[in-house]
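Undergrad: Below is the structure, and that's it, no one-letter string:
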DNA sequence: CAGGATCCGTCTTGATACTG
DNA sequence: CAGTATCAAGACGGATCCTG
């Protein structure tokens, strides 16, 4: 049926899609990934699966709503899996899929960059604010 | 004056800052970086400096307002530099700083991921939507 | 425990039009 | 060319209350 291998299709996609173009669906996907909660959830799951309450605790201060919303969107996009264990009380585990794992490194890197270079950013801000009278 | 090397300070920062915590300023910084326009602007400048109009064209469909807003924020954070050449008409060049260059690879990787894995995401979405009656 | 549902302020986004 | 000003629309995020 398929006349191309997955690698070939990926190669074609690479030259076909361009996230710089607004009409391109990858532009929208980039918008999805460019979300603080997405970064944090994916980074939190990188070491291993976690339960809903674990995530709530790890992402200190996230509202249940935002957490659910983010988890649902990521599940839909095939980045993580949701496993319900029908015990009493219910137990729900979230884990990265292989696809999600391939993304986790990238988003974690951005998060780590923020932590590592914050001092430089702060210094830059102070200088900018001092040099900008208005 | 400084009793620590830059590397030592960075190491300390690493253990001190935690973007998972909402009160942590790096959490806010992560929010800044988690922006579609930021990703695109930084990725666009990665190969080399560009003028305002170049960026406008490259980021097809961005409004001048959002572009200016994004550029200003990134300049303030020390990620890019803004150089005005007082000719007629005026010429303004934007270029990544060394700090920005250290970030560019990471954000470009996320953008590339979106382009490369979009097909898998789309497939996952179709499956999810099919399996979710409601 | 793991959410779903609702309401509601506010903040950002995006067109559009204008300027040095 | 490189922005700034203005304004309407809507997405976003959070607080709250409730359920299986």
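TA: Arrived safely, thanks for sending. Everything numeric here is computed off the predicted structure, so don't read it as measured data. Numbering: from 1, shown residues only, chains lettered A, B, ... in the order given.

Undergrad: When you work out contacts or count neighbours from here on, use the C-alpha atoms and nothing else.
TA: Will do.

Undergrad: in chain A, which ranges drop under the pLDDT threshold?
TA: Low-confidence segments of chain A, defined by pLDDT under 70, span residues A:1-15, A:134.

Undergrad: Tell me where it has strands.
TA: Along chain A, counting by DSSP state E, strands occupy A:50-51, A:80-85, A:91-96.

Undergrad: list the contacts for residue A:56?
TA: A:62-64, A:67 (CA atoms under 8 Å, 6 or more residues apart in numbering or on different chains).

Undergrad: For DNA strand D, tell me which of those residues show up nearby.
TA: A:62-64 (CA under 7 Å from any atom of the strand).

Undergrad: Go through the contacts of residue A:56 and name the one nearest chain B.
TA: residue A:62 (8.2 Å; CA to the nearest CA).

Undergrad: Please name the nearest non-neighbouring residue to the closest one.
TA: Distance criterion CA to CA, 6 or more residues apart in numbering or on different chains; nearest residue to residue A:62, sequence neighbours excluded, is residue A:56 at 6.4 Å.

Undergrad: Tell me the helices and strands packed up against the top helix by length along chain A.
TA: Longest helix in chain A by number of residues, with DSSP state H as the criterion: helix A:98-131. Packing partners of helix A:98-131 (3 or more CA pairs under 8 Å, 6 or more residues apart in numbering or on different chains; DSSP states H and E): helix A:36-45, helix B:6-16, helix B:25-33, helix B:64-76, helix B:98-131.

Undergrad: is DNA strand D contacted by that helix?
TA: No: under the criterion of CA under 7 Å from any atom of the strand, helix A:98-131 makes no contact with DNA strand D; the nearest approach is 14.4 Å.

Undergrad: Identify the residues contacting the residue in chain A positioned nearest to chain B.
TA: Proximity of chain A to chain B (CA to the nearest CA) peaks at residue A:34, 4.3 Å away. For residue A:34, the contact set (CA under 8 Å, 6+ apart) comprises B:33-36, B:39.
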